[in-house]
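*Asks:* Compute the structure for the input listed below.
(3 chains)
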Amino acid sequence: MALLDVNHLDVRFALRRGDVQALRDVSFSLERGERLGIVGESGAGKSVAAFSLLNLIAKPGYIAGGSIHFDGRDLTAMSDRALRHIRGHRMSIIFQDPMMTLNPVLSIGEQMVECLKAHRRISTREARAISLRKLEQVQIPSPAARLDQYPHELSGGMRQRVIIAIALLLDPDIIIADEPTTALDVTIQAEIMALLLELCETHHVGLILITHDLGVVSQVSQRMLVMYAGRVIEQGPTREIINDPQHPYTQGLINALPQMATPGSRLNQIPGSMPSLDNLPSGCAFHPRCGFVERADGTTRRACIDLVPGYVTSGNGRVACHMVAEMLERERIPAEEIR
Amino acid sequence: MSAIAHAKAQAPHPAPAAETASPLLQVRGLEKHFSLSGDFLEQLRFKGGRIVREQRYVHAINGVDLEIQRGEALCVVGESGCGKSTVARTVMGLLHPSAGEIHYAGQRIDDLSHKALMPYRRRMQMIFQNPYASLNPRMTIQQTLEEPIRLHHPDWSAQRVKQQVAEVMASVGIAADWGGRYGHEFSGGQRQRIAIARALAVDPEFIVADEPISALDVSIQAQVLNLLMEAQQQRNLTYLFITHDLAVVEHFGTRVAVMYLGRVCEVAPTATLFARPRHPYTQALMSAIPRLEDDRPQHIRLQGEVPTPVNLPSGCVFHGRCPHANERCRREVPALIVTAEGGQVACHAVEEGRID
Amino acid sequence: MTTPTPRVASRWSRFRGSYLLYSFKRDLVAQLSLVVFIALVAMAVLAPWLAPMDPYDLAQIDIMSSELPPFWVAGSDPTYLMGTDAQGRDLLSTILYGARVSLIIGFGAVALQALLGVSFGLLAGYLGGRMDAFLMRLADIQLSFSTLMVAIVVGAVVKAAFGGATFSAYAVPLLVLIIGLAEWPQYARTVRASVLAERSKEYVDAARVMGFTSRRIMFRHILPNTLSPIFVISTVQVANAIISEAALSFLGLGMPETHPSLGSLIKSGFDYLQSGSWWITLIPGLVLVVLVLVINLLGDWLRDVLNPRLYKG
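*Replies:* Sure thing, here's the model as predicted:
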């Protein structure tokens, strides 16, 4: 069994208009030391997916179904106390905005020591020593001096390094990073991503990286999920998906990048925009923007409009698309006839 | 070394007729400082037993020269705090330059009065970064689009104004029935279309776009970029395009200016710059773009971080992070020199031939 | 574009679907407050028709029927439902007329405050620099004079220059002036703060780039977007102005007893509290408290609804 196993996870938000389903039927797993990228545009549900792993969804939201097994135990059935132990200790989270995690009135050292002592019975001196070692690991210049500095005295890139050091404090099994570099400049982003990757590899820590940047995912993750309107529409090994995307949305997302077109030519845009979760189209949520609802021969795939697509296995990945299912079906029939 | 010496000897090289015509926009020696010290009383400091008046400034732009030719898209790239947005806002008259001149179609515009500037306001328009803040929440789309037309064409009939609005809405792909609705009813991409329509409503010839797609999702970015390129072809627009995204620059720009800490460190035609970036900072910036074909980050590692624009480094502003810096770089500010490929670069190491 | 486009809504249907109405329907306190407030205002406005007698008409006053208790107390006269005051005026009629005076002064003073405060706040916030510094120091100076000080100074000047009779004749406009002048800085500060927030938004830059004049940008673009805080502060200020007026009248600096507001009624009855005629003070006092309370409750509700940080579409 994998270290983390998410099965058919449903998350809803209770709003005054009624429930809105933020995640539907999300399933994925993460092996020990594996790096997984979750890609999607804003509103796709990628952050909700990450937060639900730690049961951190804010109030109107709740887990309506499915299970999250971590190291063999179901997190959805766990008490708050037991969850708190896992949070921070065995899974830690890195937010987009470092100031969400850092307390502006405590020095870096105080925050790290506090965090250590909350989970372990150790002396302040030991805790400071561990903190210093972690700051050294994230390659902060003059780490000893940083312990006594306050968050506002550090630059954005430096703060994100401190956050990574805090995430590593208790030697977790999994780090969840929610758009960790979106607020940073490209040169700093490249360094933070390289650092994160290096640390995960040397310490054999699993990484769940949430981002909208396909370039970052392809550099860092081994497997990836693509999310659209609260569903995982495609998942598989990163290289395979980047080189040969199956779902029309994934194809559209990759082809829309400027680097995929000749300079100056028209970009391959996806028409329309992501539907809001409380007003999803029927059938496949992507069908109003999809160019494959109509077959090559001009007939319409009714299933795209009427039926929510199930998952089919394609290569080493899984895709939720009627068109792909039809293609796979067509390939299989001749093969059986030959036999 | 030899390539540059050669280029210098030849300069000015013979240029096609279109280039010899005067540039549409010319920025000369532009500087912009923001005071950090507040009013007179707040500037007084007690130092060494005496009260002294101390003023501190953010040096947002420090001597920027740019030329934009008619019909081209000049992209200004750089990281946050490099002064690229300040350049855009100063060009549009939202900020007054601390020093330097801005010329539009041969006329100096940075010292004009509000009234004298009006004809240029119609010809120059701006698109902003945040589509959630750039539309007045209390105005309908129709009102938003009619207002500038009425201002610049007071003699037009209501009928003609409406017709112009309808035309511009159609040209940016806005349905005609959106007019009666408010900005908050639309998604980010749709709002950015409306903001583009507002800029196009008065038929400008020059558009400053300040990070127009940075706040949008990937699939929407492509839509808006396509729209901007279509508008450029149909209306023969000239763009000053501010962005931090080099992938967009490569696709969109005719020429690129790379900025670092308020200075231009390299200007070159897009293809030239991407084929052979000369300035060490440009090289580092380009290596940092995450590309789909990469299996792991392969960026050039820079030392340290961007210094604050309050206390500028002496000499070349990049010397503290540059792997090729020497004594001269720490002492002397490099000027832009013409390269063999037709670009310009401000780097002592390139000039001396220490690096390619 | 395949994006579904919602229908264009009329003003009325937009109001019906708005969060304002939605939250009002769910808030019992706000509903009750509004009902009470409307009832009080209606009674005050319709006082000349509702009131059994005209307290300003000396011919109707009978000194013999002074200090009669309200109807539920022994010794009352059924003609005077709420009893009478020391001068023999019907208390119910006097309260209705008094509430009218209080409301006129409250709203009038707030209108003046809003006029001064909104214009100064807009100018200070939008133009900034020296204008900002000058207007805000002016506001600081104004705030350091309490309403009471302004009332004493204005009262003294008017009485010295034109005599007490003139002051009494023009008491309502003078009180509007005093309270309006004394409390505009609250408005100016609130408006300035929200103008500063709005000014940094890109739609204001867009308007400047278009070439609009500062005046048009201030009034057409920024002002409509600062209306929410103006509404909220207005409710609080109306309540404050009514209280200020009552306090001034109670101290004898406000409405004369011949033309009483709620405040001067309370004062006129205060002397008779010891002799057991509690109703002359207590009943107008209760009306004042209820009036101010419902206005404040409505203001609280409005603030919760219009606060964009709490807003959930």
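*Asks:* what does chain B have sitting close to chain C?
*Replies:* Proximity of chain B to chain C (CB under 8 Å from any CB of the partner chain) is limited to residues B:39, B:89, B:92-94, B:114, B:117-118, B:121-122, B:124-126, B:128-130, B:133-138, B:147-148, B:151-152, B:173, B:175, B:177-181, B:185, B:187, B:190, B:195, B:198, B:202. Heads up, the C-betas are built off the backbone N, CA and C, glycines and all.
*Asks:* Pull out the buried residues from those residues.
*Replies:* Buried members of the residues of chain B next to chain C, counted by 16 or more other CB atoms under 10 Å in any protein chain shown: B:89, B:92-94, B:117, B:121-122, B:124-126, B:128-130, B:133-136, B:138, B:147-148, B:151-152, B:173, B:178-179, B:181, B:187, B:190, B:195, B:198, B:202.
*Asks:* which residues touch A:Ser155?
*Replies:* By CB atoms under 8 Å, 6 or more residues apart in numbering or on different chains, the contact set of A:Ser155 is B:Glu305, B:Val306.
*Asks:* distance of it from chain C?
*Replies:* Relative to chain C, A:Ser155 is positioned 23 Å away (CB to the nearest CB, to the nearest Å).
*Asks:* what's the pLDDT at that residue?
*Replies:* On the pLDDT scale, A:Ser155 is placed at 82.
*Asks:* Please list the members of the residues of chain B next to chain C that lie in strands.
*Replies:* Members of the residues of chain B next to chain C lying in strands (criterion: DSSP state E): B:Met124, B:Gln125, B:Met126.
*Asks:* so for the one helix or strand A:Glu114 maps to, what's the average pLDDT?
*Replies:* Assigned by DSSP states H and E, A:Glu114 belongs to helix A:108-119. Across helix A:108-119, the average pLDDT comes to 90.
*Asks:* again with stretch B:346-356
*Replies:* 88.
*Asks:* Show me which of the ones in strands among the residues of chain B next to chain C is closest to chain C.
*Replies:* Distance to chain C across these (CB to the nearest CB) is lowest for B:Met126, with 4.6 Å.
*Asks:* so what's the closest one up against?
*Replies:* Per CB under 8 Å, 6+ apart, neighbours of B:Met126: B:Ala88, B:Met92, B:Ala199, B:Ile207, B:Val208, B:Ala209, B:Asp210, C:Asp205, C:Ala206, C:Val209.
*Asks:* How about A:Ile174?
*Replies:* With CB under 8 Å, 6+ apart, A:Ile174 has these contacts: A:Leu3, A:Leu4, A:Leu30, A:Arg90, A:Met91, A:Ser92, A:Val205, A:Gly206, A:Leu207, A:Ile208.
*Asks:* Surely the first one touches A:Leu36?
*Replies:* No: the pair formed by A:Leu3 and A:Leu36 falls short of the contact definition of CB atoms under 8 Å, at 11.0 Å.
*Asks:* Please list which of the contacts of A:Ile174 are also close to chain B.
*Replies:* Counting by CB under 8 Å from any CB, no member of the contacts of A:Ile174 reaches chain B.
*Asks:* Number of residues surrounding A:Arg81?
*Replies:* Using other CB atoms under 10 Å in any protein chain shown, A:Arg81 is surrounded by 7 other residues.
*Asks:* I'd guess it is in a helix, am I close?
*Replies:* Yes: according to DSSP: H, G, I helix; E, B strand; the rest coil, A:Arg81 belongs to a helix.
*Asks:* on that earlier part again, the buried ones among the residues of chain B next to chain C in helices, which ones?
*Replies:* Cross-referencing these against helices under DSSP state H gives B:Arg89, B:Leu117, B:Arg121, B:Arg122, B:Glu147, B:Pro148, B:Leu151, B:His152, B:Gln190, B:Ala195, B:Arg198.
*Asks:* what's the nearest residue to B:Ser171 if we skip its chain neighbours?
*Replies:* Once flanking residues are discounted, B:Ser171 sits nearest to B:Leu200: 6.9 Å by CB to CB, 6 or more residues apart in numbering or on different chains.
*Asks:* Now do the contacts for the one you found.
*Replies:* B:Gln125, B:Val168, B:Ser171, B:Val172, B:Ala231, B:Arg235.
*Asks:* residues from the stretch 101-250 of chain C in reach of chain B?
*Replies:* Near chain B, when you scan the stretch 101-250 of chain C using CB under 8 Å from any CB, you find C:133, C:201-203, C:205-213, C:221, C:224-225.
*Asks:* Could you list the residues in contact with stretch A:232-249?
*Replies:* With CB under 8 Å, 6+ apart, stretch A:232-249 has contacts from A:25-28, A:37, A:214, A:217-218, A:221-228, A:250-251, A:253-254, A:270, A:286, A:289-292, A:314-321, A:323-324, B:292, B:295.
*Asks:* In three-state terms, label A:Gln235 for me.
*Replies:* Following three-state DSSP, A:Gln235 is assigned to strand.
*Asks:* can you count the residues close to it?
*Replies:* 26.
*Asks:* Chain C versus that one, what's the distance?
*Replies:* The gap separating A:Gln235 from chain C is 27 Å, by CB to the nearest CB.
*Asks:* so how far is A:Val6 from that residue?
*Replies:* To A:Val6, A:Gln235 is 11 Å away according to CB to CB, to the nearest Å.
*Asks:* shared neighbours of the two, anything?
*Replies:* Common neighbours of A:Gln235 and A:Val6 (criterion: CB under 8 Å, 6+ apart): A:Phe28.
*Asks:* from the contacts of B:Met126, which would you call buried?
*Replies:* Applying 16+ other CB under 10 Å to the contacts of B:Met126 flags B:Ala88, B:Met92, B:Ala199, B:Ile207, B:Val208, B:Ala209, B:Asp210, C:Asp205, C:Ala206, C:Val209 as buried.
*Asks:* In TSV, list the ones in helices among the buried ones among the residues of chain B next to chain C along with pLDDT.
*Replies:* Converted to TSV, these look like this (pLDDT from 0 to 100):
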residue	pLDDT
B:Arg89	94
B:Leu117	91
B:Arg121	92
B:Arg122	92
B:Glu147	93
B:Pro148	93
B:Leu151	93
B:His152	93
B:Gln190	90
B:Ala195	94
B:Arg198	94
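*Asks:* can you redo these as JSON lines with distance to chain A?
*Replies:* Listed next are these as JSON lines, based on distance: CB to the nearest CB, whole Å:
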{"residue": "B:Arg89", "distance to chain A": "20"}
{"residue": "B:Leu117", "distance to chain A": "33"}
{"residue": "B:Arg121", "distance to chain A": "30"}
{"residue": "B:Arg122", "distance to chain A": "28"}
{"residue": "B:Glu147", "distance to chain A": "26"}
{"residue": "B:Pro148", "distance to chain A": "26"}
{"residue": "B:Leu151", "distance to chain A": "31"}
{"residue": "B:His152", "distance to chain A": "31"}
{"residue": "B:Gln190", "distance to chain A": "7"}
{"residue": "B:Ala195", "distance to chain A": "16"}
{"residue": "B:Arg198", "distance to chain A": "20"}
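*Asks:* Pick out the most distant pair among these.
*Replies:* Greatest spacing in these, by CB to CB: B:Leu117 and B:Gln190 (31.1 Å).
*Asks:* Can you list the buried residues in stretch A:155-173?
*Replies:* By neighbour count on 16+ other CB under 10 Å, the buried set for stretch A:155-173 is A:156-170, A:172-173.
*Asks:* what subset of the residues you listed is also close to chain B?
*Replies:* When CB under 8 Å from any CB is applied, the members of those adjacent to chain B are A:Gly157, A:Met158.
*Asks:* hmm, back to that, list buried residues within the contacts of B:Leu200.
*Replies:* Buried members of the contacts of B:Leu200, counted by 16+ other CB under 10 Å: B:Gln125, B:Val168, B:Ser171, B:Val172, B:Ala231.
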